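Trainee: Sequence and predicted model, in that order:
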Amino acid sequence: MRWRAPLVWLALLLLLAAGMAWLEPLFRWLEPGTRQVIYPHADLLVLLGRHLLVVAVASLLAVLLGVGAAVLVTRPAGRDFLPLVAQFASMGQTFPPVAVLALAVPVLGFGTWPIIVALLLYGLLPIVRNTLAGLEGLEAGVMEAARGMGMSPTQRLWQVELPLAAPVILAGIRTSVTVNIATAALGATVGASNLGAPIISGIVNGNTAYVLQGAILIGLLALCVDSAFERLQRGLGPGAQ
């Protein structure tokens, strides 16, 4: 029952992605003068899979880099690099993804890699910020008790610090992933094949039906992922079984 909401959103998402043609009368009503109202250039279910893959790769890299960097700068040996890491993460959201795409395309070419780089940089800040907050917000008494039990620094990190900070870290990952689901649509402007393609095509051709098809699926994907993260956070909260 705890996972009912994410499963409902997922079912609706897959149903619409696979059967968007069933809604052709509705889109025809919205665009009565348009010959084609269902996006024809790629299967929406395929675009959904590609969209999710891009977000997953970028988010995984952001988690590895963000959590890893935050852990390093909270250790005594890396404490001097804390301002540098925080500033670098902030810069990732200072530059808009469109600007990052413009800089990445000459180096990486058109396609998927530029949007992965843009999402990686854009998603670092909430992960780094929450990981720092979670690790530095631990009670001194807990850490002192861990030291008193004879735990090594590595044991304290994996058995005490990260488990206790996990809900705060997960909240940052949740924000990063949810924002990147919407931002990934910009990849269609540089040749990436994802759910941004119907939106960009609809804007260029003045076809509202295309725009709605891409936007609805992206919105449902964001709701599905966000509700799943919410359940995970509840499971990590106080009193979770």
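Mentor: Now that the structure is in, tell me what you want to look at. Numbering: from 1, shown residues only.
Trainee: can you give me the helices in the chain?
Mentor: 4-19, 24-30, 44-73, 82-94, 97-108, 113-136, 140-148, 153-156, 162-183, 196-205, 208-236 (DSSP state H).
Trainee: for the ones you listed, which one sits closest to Ile38?
Mentor: Nearest to Ile38, of all these, is helix 24-30, at 5.6 Å by C-beta to C-beta. Every residue, glycine included, has its C-beta placed from N, CA and C.
Trainee: now what about the lowest-mean-pLDDT helix or strand in the chain, what contacts it?
Mentor: One helix or strand of the chain scores below all others by mean pLDDT, DSSP states H and E: helix 82-94, with a mean of 78. With C-beta atoms under 8 Å, 6 or more residues apart in numbering as the test, helix 82-94 has contacts from 66, 69-70, 72-74, 120-125, 127-129, 132.
Trainee: you'd agree Pro114 is up against Gly187?
Mentor: Yes - contact criterion C-beta atoms under 8 Å: Pro114 and Gly187 qualify, at 7.3 Å.
Trainee: Buried among the contacts of helix 82-94? Need that as a selection in PyMOL.
Mentor: The buried residues among those can be selected in PyMOL (16 or more other C-beta atoms under 10 Å) with this line:
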select buried, resi 66+69+70+73+74+120+121+122+123+124+125+127+128+129+132
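Trainee: ok, now which ones touch the nearest residue to Phe81 once chain neighbours are set aside?
Mentor: Excluding the flanking residues, the one nearest Phe81 by C-beta to C-beta, 6 or more residues apart in numbering is Val73, at 5.1 Å. Each residue near Val73 by C-beta under 8 Å, 6+ apart is listed here: Arg79, Phe81, Leu82, Val85, Leu132.
Trainee: and the nearest residue to the first one once chain neighbours are set aside, how far is that from Pro198?
Mentor: Distance criterion C-beta to C-beta, 6+ apart; nearest residue to Arg79, sequence neighbours excluded, is Val73 at 6.4 Å. When distances are taken as C-beta to C-beta, to the nearest Å, Val73 and Pro198 turn out to be 42 Å apart.
Trainee: One more: Ala77?
Mentor: 49 Å.
Trainee: So for the two, which sits in the more crowded spot?
Mentor: Neighbours per residue (other C-beta atoms under 10 Å) separate Ala77 from Pro198, with Pro198 holding more: 30 against 8.
Trainee: The more buried one and Leu48 touch, don't they?
Mentor: No - Pro198 is beyond contact range of Leu48, at 11.0 Å (criterion: C-beta under 8 Å).
Trainee: quick one on the thing from earlier: distance of the residue nearest to Phe81 relative to Pro40?
Mentor: 50 Å.
Trainee: again with Leu132
Mentor: 47 Å.
Trainee: Also Pro32?
Mentor: Taking C-beta to C-beta, one finds Pro32 at 18 Å from Pro40.
Trainee: For the closest residue in space to Pro114 that isn't next to it in sequence, report the pLDDT, please.
Mentor: Setting aside the residues directly before and after it, Pro114 is nearest to Ala104 in space (C-beta to C-beta, 6+ apart), at 3.9 Å. Here the pLDDT value assigned to Ala104 is 84.
Trainee: correct me, but Ala104 touches Ile116?
Mentor: No - if you go by C-beta under 8 Å, Ala104 and Ile116 don't touch, sitting 9.0 Å apart.
Trainee: Who has more neighbours out of the two?
Mentor: Ile116 (23 against 19).
Trainee: Not counting sequence-adjacent ones, nearest residue to that one?
Mentor: Ala58 (4.8 Å).
Trainee: show me the contacts for that neighbour.
Mentor: Here Ala58 is in contact with Ile115, Ile116, Leu119, Leu120, Gly123, Asn180, Ala184 (criterion: C-beta under 8 Å, 6+ apart).
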